[in-house]
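J.: model this:
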Amino acid sequence: MTTSIEGRIAEELGVRERQVRAAVELLDGGSTVPFIARYRKEATELLDDAQLRTLEERLRYLRELEERRDAILDSVRSQGKLEDALEARIRAAETKARLEDIYLPFKPKRRTKAQIAREAGLEPLADGLLADPGTEPEAAAAGYVDGEKGVADTAAALEGARAILAERFGEDADLIGELRERMWSRGRLGAKVREGKEEQGAKFKDYFDYAEAFTELPSHRVLAMLRGEKEEVLDLALEPEPEPEPGAEPAVDASGRPVPSTYERAVAHRFGIADRGRPADKWLADTVRWAWRTRILVHLGIDLRLRLRTEAEDEAVRVFAANLRDLLLAAPAGTRATMGLDPGLRTGVKVAVVDATGKVAETSTIYPHAPQKQWERSLETLAALAARHQVELVAIGNGTASRETDKLAAELIAKRPELKLTKVMVSEAGASVYSASAFASQELPDLDVSLRGAVSIARRLQDPLAELVKIDPKSIGVGQYQHDLAEVKLSRSLDAVVEDCVNGVGVDVNTASAPLLSRVSGISGGLAENIVAHRDSNGPFGDRKQLKDVARLGPKAYEQCAGFLRVLGGTDPLDASAVHPESYPLVRTIVRSAGTEVPSLIGNTAVLRTLRPDDFVDDAFGLPTVTDILRELEKPGRDPRPAFRTATFKEGVEKLGDLTPGMVLEGVVTNVAAFGAFVDVGVHQDGLVHVSAMSRTFVKDPRDVVKPGDIVRVKVQDVDVARKRISLTLRLDDEAAGERTGGAAGADSGAGAGGSGDRRRGRGGPGGGAPRQRQGGQGPGGGRGGAGGGGKRREAAPPANSEMADALRRAGLLGGGGKKR
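T.: Model (predicted):
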């Protein structure tokens, strides 16, 4: 490869090579992405955190590629086969797949049939027949019969020659690369249920007789099919050709033999093989067919299966990361006394009240639902707790029995208006994992495990970021099939998201937990424990400089973490801001220029906006840093998260039957998927805004329009009380059902994030990819081929272990009443 790693990354990112070089040098020096993005803008010439994350990932891949390239060169060199042309091809390979294709003929392997044939002296026979098809194969083979060499007759000689050619065909790097891309663009992944597994594998019923083009398969379907195979319910096959036309007869030639496939023709063309009626033509054609079916297709199948899994994993990880970011950066309710309700049926609803600082004030368990049905007693208990602790907010976990518990809270608010309570549905994902964790035992040692989840639910409403970092991000459950994903890939991506979110918000060093501190730039888990221990022993930190007294917190760690740690109410007001201590001298210069003191300048917009950033630029501090500092002084320690708001539900609209088409309501977005957004409008049943009803213009990603927690105004398009489905639109001037002809808006357009439709008979069918944006679509319709474009419509299995499954249930699109924990 002639282009340097830095040059290649620069080309991919569309930036200058010197920017990449600077970033690589900083990363290699131990700097983190948040630190580089925030405090080294001059060095990288304003590369942002997203670019730096991509750069970091590509740097890792390309360095692994170089290590593999060097190992291959050493291997081929040790075999004495490293000719100049081969070395040039190896050095020019730009992907791991291409590198392995080139290396294949030289890769040490067990003794093959081709190798045995070569040792028996049959390579000249193979070469002769390939070079001169006019030779009669039987006659040519007769001269190679040798019992001592294991060649008993002409058939054995020709079999050996065929093995040699098949290996040669299958190890041609350029040919394999061409066939791989052809099969990727034309082929399909097919699934069949194993005999007798229909009942046991009912959750995979959508894939019992199924096929879809590789290029159209959304990630969740690939992962679902692979899981079905792993659980021995499905047999998967990689089919190289697309679906034949209905009623099409197999193509045969004049003699009745099957016409060679496009792949076989490509192999034949590559080696100059053609059927011109010459003596060896048929033997060579049969050799091509045999090589394709027994060797090349098997090899490509392994490659493409890996590619399918890798691309599906990459997309699933991307979605998981986006969902996690939304959860972590949700608006914090702040320092308000909160009651957490962890819903349950038989085991009761666990209740925890935390004060404004998150400290547990009181806990209880109530039994409002079947079988105990202590509804009135439960209301009395909740009212007493709320009054006793001046509770302002009620956080309700969104799992099992959440709808019933939401009704309980609604009745409490209606009957006791003087309490001035506001209820909010909160994702309880990972609460049970937290409850049983070592940190929860350390943090809440005197609290029963079953009640810790309610504490977590209350606290995550107060500050989602501070609470959720206590849980392994893989356990938060906001992804599809996360347990099927590559552990390292998923962990690396999610850890990066958590790191970016924590450092983007900043951390109060005097109140942060060890798990939260451990996500700060430059701080390891052990160092976080040391900070907490120092704080416990010596009291709160008075300024950032005292961080240097923490055991094992050296100069590099201090450089990386100081700007992200806040000391509120300390001796230096700058310590409560995102200004890095290394820039304090610059701030003093700015203060002197303004003729004031630091406390007077902070927040003084009138004075700060009279200052020209260019006046303070010098060799140490460039314009980006100066601009950032002036902005930070204007509003120090600003929180990038949105302000906390709750939806104001329409009075008199409390149940599904109260809704009528045409109503305009305020609601809160509870979940976002590729096919649209789920919105709670206060009737204990989420409605769906299909992606086609989000905007007048094309929406590529619904997250560009709304995010979980957003307060939105929606119009009711249609209500299906019997099926508990609500169709909503963000386009308030849309006509509702009854105001136009055509009735309900696509109420049957598919209902599962794992959806399918019968791909054996067409490219359409409901599904969960990016839908064609036509009006309507009550369900998450549309694979890449469109929403219901032909093919039997079927209810689809929910994505396992995911928040999306719960969202679909709450919207009435799947059976079941919420997830079990």
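J.: what is the mean pLDDT for the helix or strand harbouring Gly177?
T.: Secondary-structure assignment from DSSP states H and E places Gly177 in helix 173-186. When the per-residue pLDDT values of helix 173-186 are averaged, the result is 97.
J.: packing partners of it?
T.: Judged by 3 or more Cβ pairs under 8 Å, 6 or more residues apart in numbering; DSSP states H and E, helix 173-186 is in contact with helix 96-103, helix 262-270, helix 297-328. For glycine as for every other residue, the C-beta is placed from the backbone atoms N, C-alpha and C.
J.: moving C-terminal of the longest one, what's the next helix or strand?
T.: Same thing as helix 297-328. For helix 297-328, the succeeding helix or strand toward the C-terminus, using DSSP H and E, is strand 338-342.
J.: with the first one instead?
T.: Towards the C-terminus, the helix or strand next in line after helix 96-103, according to DSSP H and E, is helix 113-119.
J.: which is the next helix or strand following that following helix?
T.: Sequence-wise, the next helix or strand beyond helix 113-119 is helix 123-131, with elements assigned using DSSP H and E.
J.: for Ser219, what are its contacts?
T.: If you count contacts by Cβ atoms under 8 Å, 6 or more residues apart in numbering, Ser219 has them with Glu311, Ala312, Glu313, Asp314, Glu315, Ala316, Val319, Gln480.
J.: among those, who's most crowded?
T.: Within the contacts of Ser219, neighbour counts (other Cβ atoms under 10 Å) peak at Gln480, which reaches 30 neighbours.
J.: before we move on, the earlier item: which parts of the helix holding Gly177 are buried?
T.: Of the residues in helix 173-186, those scored as buried under the neighbour-count criterion (16 or more other Cβ atoms under 10 Å) are Ala173, Leu175, Ile176, Leu179, Arg180, Met183, Trp184, Arg186.
J.: contacts only, for the third one.
T.: Ile176 sits next to Asp101, Leu104, Gly170, Ile296, His299, Leu300 when contact means Cβ under 8 Å, 6+ apart.
J.: count of neighbours near the fifth one?
T.: Using other Cβ under 10 Å as the criterion, His299 is surrounded by 16 other residues.
J.: and for the last one?
T.: Around Leu300 sit 23 other residues, with neighbours defined as other Cβ under 10 Å.
J.: is it true that it touches Glu178?
T.: No: distance between Leu300 and Glu178: 10.8 Å, which falls outside the contact criterion (Cβ atoms under 8 Å).
J.: thinking again about what came up before, need the helices and strands packed on helix 173-186 in CSV with distance to Thr729 and mean pLDDT, can you?
T.: Shown next, in CSV, are the helices and strands packed on helix 173-186 (distance: least, Cβ to Cβ, whole Å; pLDDT from 0 to 100):
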stretch, distance to Thr729, mean pLDDT
helix 96-103, 45, 96
helix 262-270, 46, 97
helix 297-328, 22, 92
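J.: make JSON lines out of the buried residues of helix 173-186 and add distance to Ser364.
T.: As requested, the buried residues of helix 173-186 are arranged in JSON lines below (distance: Cβ to Cβ, whole Å):
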{"residue": "Ala173", "distance to Ser364": "69"}
{"residue": "Leu175", "distance to Ser364": "71"}
{"residue": "Ile176", "distance to Ser364": "67"}
{"residue": "Leu179", "distance to Ser364": "67"}
{"residue": "Arg180", "distance to Ser364": "62"}
{"residue": "Met183", "distance to Ser364": "62"}
{"residue": "Trp184", "distance to Ser364": "58"}
{"residue": "Arg186", "distance to Ser364": "63"}
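J.: ok, these vs Glu597, which is closest?
T.: Compare each of those with Glu597 using Cβ to Cβ and the shortest gap goes to Trp184, at 65.8 Å.
J.: that closest one and Phe214 touch, don't they?
T.: Yes: with contact defined as Cβ under 8 Å, Trp184 and Phe214 form a contacting pair (5.5 Å).
J.: quick check: neighbours shared by the two?
T.: Here Trp184 and Phe214 share the contacting residues Leu304, scored by Cβ under 8 Å, 6+ apart.
J.: which one of the buried residues of helix 173-186 is nearest Leu688?
T.: Of all those, Leu688 sits closest to Trp184, with 33.8 Å by Cβ to Cβ.
J.: tally of neighbours for Phe675?
T.: Other residues near Phe675 come to 28 when the count uses other Cβ under 10 Å.
J.: look up phi and psi at it.
T.: Phe675 has phi and psi values of phi -100, psi 0 when expressed as degrees, to the nearest 10.
J.: so for it, what's the pLDDT?
T.: pLDDT, Phe675: 84.
J.: so it versus Met694, what's the distance?
T.: From Phe675 over to Met694 the distance is 11 Å, taken as Cβ to Cβ, to the nearest Å.
J.: find the residues that touch each one of these two.
T.: Taking Cβ under 8 Å, 6+ apart as the contact criterion, the residues that touch both Phe675 and Met694 are Pro702.
J.: doesn't Val424 fall inside a helix?
T.: No: using DSSP: H, G, I helix; E, B strand; the rest coil, the assignment for Val424 is strand, not a helix.
J.: no further questions, thank you.
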